[in-house]
Structure formats: structure tokens, C-alpha cells
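**Q** fold the following for me, if possible:
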Amino acid sequence: MAISVGMATPPVAVNIYPACNLAGIKMQDIIRDILGFVFMGFLSMIIVLFIPQIIDCLPALLAR
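**A** Numbering: from 1, shown residues only. Predicted coordinates for the structure are as follows:
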């Protein structure tokens, strides 16, 4: 999760630079559009950090 958030935010933004070049739009326009996705990725990363049982919930239910 941390890698996906890091790859979508500057200064790394490995995913965003090629997308801007291909689409022909400015970096500011795409950053404004993906802020919600970055925020939700960061929020889910924080939740999993503090409540790690969430990760094991579905495999535990399927193992029964």
C-alpha cells in the first residue's frame, strides 16, 4: 500500500509523469483529480497499521 501511495505522489510519481505526457495535460490537473485516491490509500494504510487483524479476517473466515 505504501508503494502505491508513494508512486502516485510527487516527487517520485512514477505513474503520474508518463500519464501526463501521454494525455497531454498538466501535472496540477492530474494531482487534483487523484487526491481522493491518495487520501483513501493513505487512510487504509493507517487503518491496517493500527488494526492488523483486518488483514487476517477474510483468510480466517475462509479457512473454517
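
**Q** for this protein, what's the longest helix?
**A** helix 27-50 (DSSP state H).

**Q** that one: which residues count as buried?
**A** 30-31, 34, 41 (16 or more other CB atoms under 10 Å). (Each C-beta comes from the backbone N, C-alpha and C, glycine too.)

**Q** what lies in contact with it?
**A** 1-2, 4-5, 8-10, 16-17, 19-20, 23, 54-55 (CB atoms under 8 Å, 6 or more residues apart in numbering).

**Q** just send those back as CSV, with neighbour count, secondary structure and distance to residue 63 too.
**A** Compiled in CSV, the contacts of helix 27-50 are given as follows (neighbours: other CB atoms under 10 Å; DSSP: H, G, I helix; E, B strand; the rest coil; distance: CB to CB, whole Å):
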residue, neighbour count, secondary structure, distance to residue 63
1, 13, coil, 23
2, 10, helix, 27
4, 13, helix, 27
5, 17, helix, 30
8, 20, coil, 33
9, 17, coil, 36
10, 9, coil, 41
16, 17, helix, 39
17, 13, helix, 42
19, 15, helix, 39
20, 17, helix, 44
23, 10, helix, 44
54, 11, helix, 16
55, 10, helix, 14
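
**Q** closest to residue 62 out of the residues you listed?
**A** Ranked by distance to residue 62 (CB to CB), the contacts of helix 27-50 are led by residue 55 at 13.2 Å.

**Q** and the closest one, what does it touch?
**A** With CB under 8 Å, 6+ apart, residue 55 has these contacts: residue 48.

**Q** okay, residue 12: pLDDT?
**A** With respect to pLDDT, residue 12 scores 69.

**Q** with the one 3 residues further on instead?
**A** For residue 15, the pLDDT comes out at 79.
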